[in-house]
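Q: coordinates for the following, if possible.
(2 chains)
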Number of protein chains: 2
Amino acid sequence: MPAYNAFYAQSGGVTPVINASAAGVIQTAAQYPEHIKKVYAGQDGILGALQEELIDTSLEAPADIEALKYTPSGAFGSCRYKLKSLEEHRAEYERLIAVFKAHDIRYFFYNGGGDSQDTAYKVSQLSESMDFPITCIGVPKTIDNDLPFTDCSPGFGSVAKYVAVSILEASMDVASMSSTSTKVFVMEVMGRHAGWIAAAAGLAADQRELGPDIILFPEIEFNQTDFLQKVDETVKRKGHCSIVVSEGAKYPDGRFLADSGVKDAFGHAQLGGVAPVVTNMIKQGLGHKCHWAVCDYLQRAARHIGSKTDVEQAYALGKAAVDLAVQGANAVMPTIVRTSNGPYQWTLGHAPLADVANVEEKLPRDYISDDGFFITESARAYLSPLIQGEDYPPYTRGLPNYVILRKQKVGKKLPDFKLS
Amino acid sequence: MPAYNAFYAQSGGVTPVINASAAGVIQTAAQYPEHIKKVYAGQDGILGALQEELIDTSLEAPADIEALKYTPSGAFGSCRYKLKSLEEHRAEYERLIAVFKAHDIRYFFYNGGGDSQDTAYKVSQLSESMDFPITCIGVPKTIDNDLPFTDCSPGFGSVAKYVAVSILEASMDVASMSSTSTKVFVMEVMGRHAGWIAAAAGLAADQRELGPDIILFPEIEFNQTDFLQKVDETVKRKGHCSIVVSEGAKYPDGRFLADSGVKDAFGHAQLGGVAPVVTNMIKQGLGHKCHWAVCDYLQRAARHIGSKTDVEQAYALGKAAVDLAVQGANAVMPTIVRTSNGPYQWTLGHAPLADVANVEEKLPRDYISDDGFFITESARAYLSPLIQGEDYPPYTRGLPNYVILRKQKVGKKLPDFKLS
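A: Numbering: from 1, shown residues only, chains lettered A, B, ... in the order given. So this is what the prediction gives:
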């Protein structure tokens, strides 16, 4: 079999380690010259394929590809663009095949979450029906940790480490100020649909009771009375209270707490932010001095405090995607399989894209305490290994020496394409 | 001269490195047994002296004192309690002297910002007028970097490093998403009265133009039209825009942007947060998709990304305070003196507390660009050395192994005291 080019793209919200997966794909592909010629990366994800904006990764310095292992963000650009069904977006799918044909591409590596695995699956179906063979492999990625079949998703472990370290530090801060100043600290974390990230913050609370003291999960209906009582009890007992709230926390009727009618001076609805809403409740209801933080992009970009476990898994999954492809697998996604908790050990597996697509893995109820305000030992046992190990980037003049790639494009061979 | 006990207290908002100064004081005092018997630390700052809540630091494990070098927060508790004039708070000052007498304390080390240096100065005056000799030495500390005479203040360098690293990472994140999603990212940082922290975020922007693109300083009157035009230009030029806003940013009439009339559903004024206010302006005025983060306590607790320069200076100033005391100095504060920028070199000096007290050092106008939206090369030359070097804490199971002290109290000898 002759060698062909490969296409790699990053999809959806970026993570601290998605570029480590990219390095895994690119460096591993170079080890199979008899199968893979060049790896072309999509500029801005799948848009790069649709618009024939292909980055020739072979023109990057090898040291720069190596530096992807410690560089956050999406080095080739990512996008939020979901390919719909084959019927609705037929022109787009056919365009992909046309671009792949024009550039001799027969490998498709798609690095993303559930939606992206669905797209990769559809491309593989189309490839069959159009009789143009493309090997489609998904590379898992999501800070939300909601992909099925894999024990965890690359990106999550580093975000988990960031939020656990951050709430540990801030909880110690509020504890030391609480006799005369701030009594309550509230930190907002991501996770619109599932409380994995919020749960990870609970790892900071150990037998020393440093905090957090309360976690508000999207999975638990918010009850203001119970919540304020819990805050009150905690402040009375410890002198202070540290709270983590998921952006997805909601009322029994499904309304997000963040959509609690906050308006600016002109009556415009104020953009998100559940932390100020929760803080206001505490201030109005209990009168405590509060402080609040919103982590937002800081958490998912924080490669400076990346989890070594996460970085290794992200790289291993990128590598595994290529290994699987050259071994003849198709329409699969490599996965992490946990084989032991003590000591933590993992190996690689894989799952069919057909099964992975569009399934969301929720936080199990038994990971949340009975009162709904904290994590259980089961959650701790699952989460703790994922934040282990530090993997610091190199620094120059006090700042991480993250790489910006040259991103040289391959010459276009097709007419422009208009997205539908 | 016989040996006496020393009193040490932490004051005001804590920092990532105030405990490094504590370690400097405690470990250095132990080297002068002929002068200093024990170091008693105030539980919750000066309140510990007023309420006779004295922690015997000699009962802590030496390894735990050593661990203070990498532990954020105030290990002995801090407080926001400002001693007023000798006339208004005479009872408090006399109580301090009474407690010092009762516990054979003749050294007073006060670790804080401008207000605290003022208190230390007043105690030294009282000591003279009451004919009870106490050596009063201030140990500088403030993330706000607004103390005079010292080149910089311990705590600032680490916060500066945190905000520069954070905005670097988040700017790369928004850059990689901007083709189809978020175009503007806004990060709020501390600094109610001076823009030192906001300025430090500018260090992240190098010749690669990664961001931030715009900084809003408390020192520059906010003009919404100019600001939105700058955002618009930046998005048109780069495709995205990354903004740092100081919590102290204000309108020409002196109103804080954060007090822009944001109300919750019940009409209650919403607590602070200038980032959502600025974000809303951009959304209303330009229609871009935005994200925003509020660092709050995370920035001043973030010892995990502490500046090595800052940690070393914090320790050196704690040590210098004790060295000065045993050498017979009184009513002074040790300072950092910069002797060279290339390579960065510093040494120690000291300034009289009488001069230090209650002076605020503002960001010089020539550190801010002509258009008011960025820092200059002068600012960069001053700021850059302060974030240099990494000084990571040790980790256990994926989390920093911060110390919690035993804090064993000295037996009380006096009746209770009621604060006025």
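Q: host element of the closest residue to A:Y8 other than its chain neighbours?
A: Once flanking residues are discounted, A:Y8 sits nearest to A:F109: 4.4 Å by Cβ to Cβ, 6 or more residues apart in numbering or on different chains. Heads up, the C-betas are built off the backbone N, CA and C, glycines and all. A:F109 is located in strand A:105-112, with elements delineated by DSSP states H and E.
Q: next: A:T335.
A: Using DSSP H and E, the element containing A:T335 is strand A:332-341.
Q: what's the angle between that strand and strand A:105-112?
A: Orientation check (axes from the mean of the first three to the mean of the last three Cα atoms, to 10 degrees): strand A:332-341 against strand A:105-112 gives 50 degrees.
Q: do strand A:332-341 and chain B come into contact?
A: No: Strand A:332-341 does not reach chain B (Cβ under 8 Å from any Cβ of the partner chain); its nearest approach is 12.4 Å.
Q: what does that strand contact?
A: Contact with strand A:332-341 is made by A:117, A:120, A:137-140, A:149-152, A:313, A:317, A:320-321, A:324, A:344-353, A:356, A:381, A:385, as judged by Cβ atoms under 8 Å, 6 or more residues apart in numbering or on different chains.
Q: in helices, which of those residues fall?
A: Using DSSP state H, the subset of those located in helices is A:Q117, A:A120, A:Q313, A:L317, A:A320, A:A321, A:L324, A:L353, A:V356, A:A381.
Q: tally of neighbours for A:S129?
A: By the criterion of other Cβ atoms under 10 Å in any protein chain shown, A:S129 has 9 neighbours.
Q: how near is it to chain B?
A: In this view, A:S129 and chain B are 28 Å apart by Cβ to the nearest Cβ, to the nearest Å.
Q: sheet-wise, list the partners of the strand holding A:F109 with their directions.
A: Strand A:105-112 sits in its sheet next to strand A:4-10 (parallel), strand A:135-140 (parallel), going by DSSP bridges.
Q: chain center to that strand: distance?
A: 19 Å (Cα atoms, centre = their mean, to the nearest Å).
Q: please apply the same query to stretch A:37-56.
A: In terms of Cα atoms, centre = their mean, the centre of stretch A:37-56 is found 21 Å from the chain centre.
Q: then stretch A:86-94?
A: On the basis of Cα atoms, centre = their mean, stretch A:86-94 sits 27 Å off its chain's mean C-alpha point.
Q: if I pick A:L353, what's in contact with it?
A: So A:L353 contacts A:Q117, A:D118, A:A120, A:Y121, A:S124, A:C136, A:G138, A:A331, A:V332, A:M333 (Cβ under 8 Å, 6+ apart).
Q: could you find the closest non-adjacent residue to it?
A: That would be A:Y121: by Cβ to Cβ, 6+ apart, it lies 3.8 Å from A:L353.
Q: how close does that neighbour sit to A:N330?
A: Separation of A:Y121 from A:N330 (Cβ to Cβ, to the nearest Å) stands at 11 Å.
Q: most neighbours among the contacts of A:L353, which one?
A: A:G138 (34 neighbours).
Q: tell me the bridge partners for that residue.
A: A:Y110.
Q: could you grab the helix/strand/coil label for A:V174?
A: helix (DSSP: H, G, I helix; E, B strand; the rest coil).
Q: now do A:M281
A: State at A:M281, reduced to three classes by three-state DSSP: helix.
Q: per-residue confidence at the closest residue to it other than its chain neighbours?
A: Spatially, and ignoring its direct neighbours in sequence, A:M281 is nearest to A:Q224 (6.3 Å; Cβ to Cβ, 6+ apart). Looking at A:Q224, its pLDDT reads 97.
Q: cool, the one 3 residues further on as well?
A: What the model reports as pLDDT for A:F227 is 98.
Q: show me where pLDDT drops low in chain A?
A: Under the criterion pLDDT under 70, the flagged ranges of chain A are A:260-272.
Q: tell me the centre residue of it?
A: Centre of chain A computed as the mean C-alpha position; nearest residue by Cα atoms, centre = their mean is A:I143, 2.1 Å away.
Q: isn't it right up against A:A194?
A: No: look at A:I143 against A:A194 with Cβ atoms under 8 Å: they stay out of range, at 10.7 Å.
Q: what sits in contact with each of A:Y121 and A:N330?
A: Listed as contacting both A:Y121 and A:N330 by Cβ under 8 Å, 6+ apart are A:C136.
Q: ok so, going back, quick one: residues contacting the residue nearest to A:L353.
A: Counting by Cβ under 8 Å, 6+ apart, the residues that A:Y121 touches are A:C136, A:G138, A:A331, A:L353, A:A354, A:V356, A:A357.
Q: distance of it relative to A:A351?
A: With distances taken as Cβ to Cβ, A:Y121 is found 11 Å from A:A351.
Q: thought A:A331 was touching A:S124?
A: Yes: the pair A:A331 and A:S124 qualifies as a contact (Cβ under 8 Å) at a distance of 4.1 Å.
Q: which neighbours do these two share?
A: Common neighbours of A:A331 and A:S124 (criterion: Cβ under 8 Å, 6+ apart): A:C136, A:L353.
Q: now name the helix or strand holding the closest residue to A:E360 other than its chain neighbours.
A: Spatially, and ignoring its direct neighbours in sequence, A:E360 is nearest to A:D146 (4.7 Å; Cβ to Cβ, 6+ apart). Here A:D146, judged by DSSP H and E, is contained in no helix and no strand.
Q: which stretches of chain A form helices?
A: Secondary structure of chain A, counting by DSSP H: helices at A:18-29, A:46-50, A:62-67, A:90-102, A:114-129, A:156-177, A:196-201, A:224-238, A:274-286, A:297-301, A:308-326, A:353-356, A:377-383.
Q: redo those as TSV? Include distance to B:H304.
A: What follows is those, written out as TSV (distance: least, Cβ to Cβ, whole Å):
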stretch	distance to B:H304
helix A:18-29	20
helix A:46-50	35
helix A:62-67	22
helix A:90-102	43
helix A:114-129	31
helix A:156-177	5
helix A:196-201	15
helix A:224-238	23
helix A:274-286	21
helix A:297-301	13
helix A:308-326	14
helix A:353-356	34
helix A:377-383	18
